[in-house]
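In: Take this sequence and fold it.
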Amino acid sequence: MSAWRGAQVADEPEMAARTVLRQGPALVVLTGPPGCGRSTLLRRIAAAVPGPAHVGGGLAMLSTVPALALSRAVRARLPGDDVHLLAEAVRSRVRGGLLVLDDVHHADEATLAALPHLARTCRVLVALRTPHRVADSALREAATAWLPVPPLDPGAALALARSTAGGLDETALSDVLARAGGNPLAIIALARQAAAGRAPVGEDIDQVAYALATALADLPRPARTSLAALGLLGRPARAELLGTGAADLLAAGLVTAEPGGSLTPVSAYVAETAAGLLDAPARADLHARLAELTPPAEAARHLAAAGDPAGAYRTALAAADRAAGGERASLLLFACGLDVPADPRVRLAAADAALAGGRPLDAAEVLRPLALTPPTATTLALEAAVLRGEALLQAGDPAAARDAVRPVPDTAAAPVVAARDRVLLLAGLALEPMAALDLADKIAVRHPAPLPGVAAALAAVQATHRLPGWEQALSEAAFAEGPPAGPSPAGTTSRSPRGPAPAGPAGAGDPLITRWSAWLLVEHLAADGRLLDSANAATRAAASAGEALAYGWQTRFLAAADWALALHGHHLALPPATPAGLDKPDADAAGPHFGALLATAPAAEPTAAAAIDPADVDAPEPADVDWDGAEGVLRRAANLTDRAVPAEALGYATAATALIEADTGLLAAARARLDRAGSGRPGLHPAAAWVAREAAWLDGQPDRAVHLPGTPAASGLLAGLHAITGQWASLDLGVPGSTEIPVNLPAPARRTLTAWALRSGFDTAADGWRPISLREQIRCLLAAGLTEPGRDRAVAALLDAERLADGAGLTVLAGRARRGLRRHQVHRDTRSPRSHGRLTQRESDVLRLVAAGEPTRRIAGQLGISAETVDTHIRASMRKLGARTRTEAAALAFAAPAARTEPFDTSEDGR
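Out: Numbering: from 1, shown residues only. Predicted coordinates for the structure are as follows:
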């Protein structure tokens, strides 16, 4: 096959791939049928693109091993159980290089899930054979270029056929090319068949497979057996494993030697065809022989293919005993899927492992045969029922979860009853929130000292309905102490596949329960406007998740903390208004997000229950909190947006980053970031959706802030912020705003919307925002300045808004305050000296923003002047500098040396 390896392929996909990969992070997918030259094209592109290439790929027999395709590329063991951490681990090794993956149709699920994340930060080139069984919808959506490998053009096809079989006449060559259809492998196989004098087969026969079979028949029997073994193995193998035929394969150019000494087929399709040529008994015998020579995890699959399901079952269990994480789950699920009776304990262990690996649907399916049949149900059947209910609950099917656990009687063991009640309560909360209150009362009576899983569910109901003490209940569930239990939150401990699990407490210290409770606590506190409480809880939970190397949860909490701080705003420059009784968090706890894993120091103990009501405007001025300023929040949040993180973390990090950028005048950067996050499309995070509307309003485009297409439903504080932004947009457009006030709003948001409805009371509403959000306090003062009938009170409100905005660096809001003051003939700028045609300070400010690429409306918004005044300053600057365009004027203004300072003060107040 050496001639085929050097064959030409069409230049169009190669040039397209090289162009895309030279421009930055991208995902390029090459697709095509067997023998079309995908791997050849893949190698040519990898050699042509600058930077080191990290080459790996999927292997047929090891397609279930988590992250194997990526591990081969970066030459390191990777965490296959956490997709986001997996993507980060690969990104940190690839960096500016090129990640190349061949045979992605044989890749594992973790690799396929990580590719869209890697495409955001790395250059990725993959090859995918068609047809295939891969669910490629996410891959297609993430792909920068999806390039089918075209057939060879007639000239290249003719050259390849002549180089393969030079003795063929023109008639034979034409027949070969007509039958091959431009497929390089088919051209080589058919040309060799024609050169050997064999007659072509009928049109209804697979020409490529038949030609390959004919060519392989000429090999010695040991070589055919070795090539068939490579096809059955689905991976490279050492010559000792392949037998005496390996040397013949090397001589024939059918395999190549890797640096480590293993032999890999030049074409996997050829090796698979060789395996397919074996009759059923010979293929089963070869599988059985390979099972004796391969590791247990591989041997189990060979035994299953050899028709020995019982041996495969035993071998898979033995391999599972020595495996962990996703690999253990795959082995146990494989064992349960064999055509042999599976021990119920093995099914329970498989479900436990699948749940721990984030595969709840697989966990529910493997437990389906253990259907509960009361009243003769065994203890294991009862455990299976509640575990299946937990799996369905985690899979997002609360109705099916409730049906799965309903038959469990009250007479079952205490941990089983606790797990049943937990599923019933959480399913009821999702389906019928009001009915969940009555059910919670009954469950609380049944469990006077509830196990952690039940306590967390009861706390969730309390938090949803804001019952007294909900903060304390959620906090205890979130930060409960106790030895880590098994991965299943259903109340059962981890099981060995060889024996029953001992009875134990339901989820004592279960990390999934505690992190889920902490997440509820963080979100509910933020929804109530208790942003610093939320940030404290998130920081502490992030530290705990970091210690356990739970990357996904850690990034969620860190992003939520940064969002709360960005919206709170007092840490930008002014002393923050911290509710009394709240401990100061450790500054290092919000410190460096990333090391080997995101590292955070332990945070201070949250005292959410002792915090004052944010609506209490008479609360004493709290002490300072040791935040590291807007720069620290912006740096950390922007860092998260550049990494592979869960959707919730990405949404909060994007919202925090864009809000700070928009408030400080970087509107173009903020809106570009939001556009990349999917602004205006379904699925956008509620926080990012509000920031997108807010940025449009700040940018002088209120028509885009009235209602953003695809805006998701929001609740609590975010619902109030959406409504307030809508009121400002309606005011700027000169149309009546909505009079509807969302329910369950924090008191300051409700007062603000009431003030908008009445067009009075904004000063009181501004006081309510003081301990919550500085920027919203400023916006209330701006509204007071615009709606107060008395000049003195309006000017006082606008002066307060200007002072607060300038002190916090909120450039755009400060500009709006100055624009409002101008309506009352209060001018805040100073005219600089004007002599010898020099630029004034205001003209320099305008040209500086012109040089930054800002349009007129943004310049007007940031400087607090009208668009007409901006144009006047630009025309004056162009006249003084002799420029023909505004861009030329900006270039001349900042290219010239600074003017000499006047020996005396010639400044004067004015417009």
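In: Could you check stretch 117-135 and say which residues are buried?
Out: 117-129, 134 (16 or more other CB atoms under 10 Å). No exception for glycine: its C-beta is placed from N, CA and C like everyone else's.
In: What sits closest to Asp362 if chain neighbours are left out?
Out: With sequence-adjacent residues excluded and distances taken as CB to CB, 6 or more residues apart in numbering, Asp362 is closest to Ala354, at 4.5 Å.
In: can you pull the contacts of the one you found?
Out: Residues in contact with Ala354 (CB atoms under 8 Å, 6 or more residues apart in numbering) are 329, 332-333, 360, 362-363, 366, 391.
In: again, only using 6 Å
Out: For Ala354, the contact set (CB atoms under 6 Å, 6 or more residues apart in numbering) comprises 329, 362-363.
In: any chance of these in CSV, plus secondary structure and neighbour count?
Out: Below are these laid out as CSV (DSSP: H, G, I helix; E, B strand; the rest coil; neighbours: other CB atoms under 10 Å):
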residue, secondary structure, neighbour count
Ala329, helix, 30
Asp362, helix, 21
Ala363, helix, 30
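In: Going by distance to Asn639, which of these wins?
Out: Checking those against Asn639 with CB to CB, the nearest one is Ala329 at 31.8 Å.
In: For the closest one, which non-adjacent residue is closest in space?
Out: Per CB to CB, 6+ apart, closest to Ala329 is Ala353, 3.7 Å.
In: The one you found: which element?
Out: Following DSSP states H and E, the helix or strand that holds Ala353 is helix 344-356.
In: then that helix to PDB, C-alphas only?
Out: C-alpha atoms of helix 344-356 as PDB (Å, rounded to 0.1, in the frame of the first residue of the first chain):
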ATOM      1  CA  PRO A 344     -28.300  -8.100  41.000                       C
ATOM      2  CA  ARG A 345     -25.400  -7.000  43.100                       C
ATOM      3  CA  VAL A 346     -23.400  -6.500  39.900                       C
ATOM      4  CA  ARG A 347     -26.200  -4.400  38.400                       C
ATOM      5  CA  LEU A 348     -26.400  -2.300  41.600                       C
ATOM      6  CA  ALA A 349     -22.600  -1.700  41.400                       C
ATOM      7  CA  ALA A 350     -22.800  -0.900  37.700                       C
ATOM      8  CA  ALA A 351     -25.600   1.700  38.400                       C
ATOM      9  CA  ASP A 352     -23.500   3.200  41.300                       C
ATOM     10  CA  ALA A 353     -20.500   3.500  39.000                       C
ATOM     11  CA  ALA A 354     -22.500   5.000  36.200                       C
ATOM     12  CA  LEU A 355     -24.100   7.600  38.500                       C
ATOM     13  CA  ALA A 356     -20.700   8.600  39.800                       C
END
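In: per-residue confidence averaged over it?
Out: What helix 344-356 shows for mean pLDDT is 92.
In: Leu115 sits in which helix or strand?
Out: helix 109-118.
In: Pull up the pairing partners for the helix or strand just after that helix, direction included.
Out: Where DSSP H and E defines the elements, the next helix or strand beyond helix 109-118 is strand 123-129. When pairing is defined by DSSP bridges, strand 123-129 lines up against strand 26-32 (parallel), strand 98-102 (parallel).
In: Sweet, I'm off.
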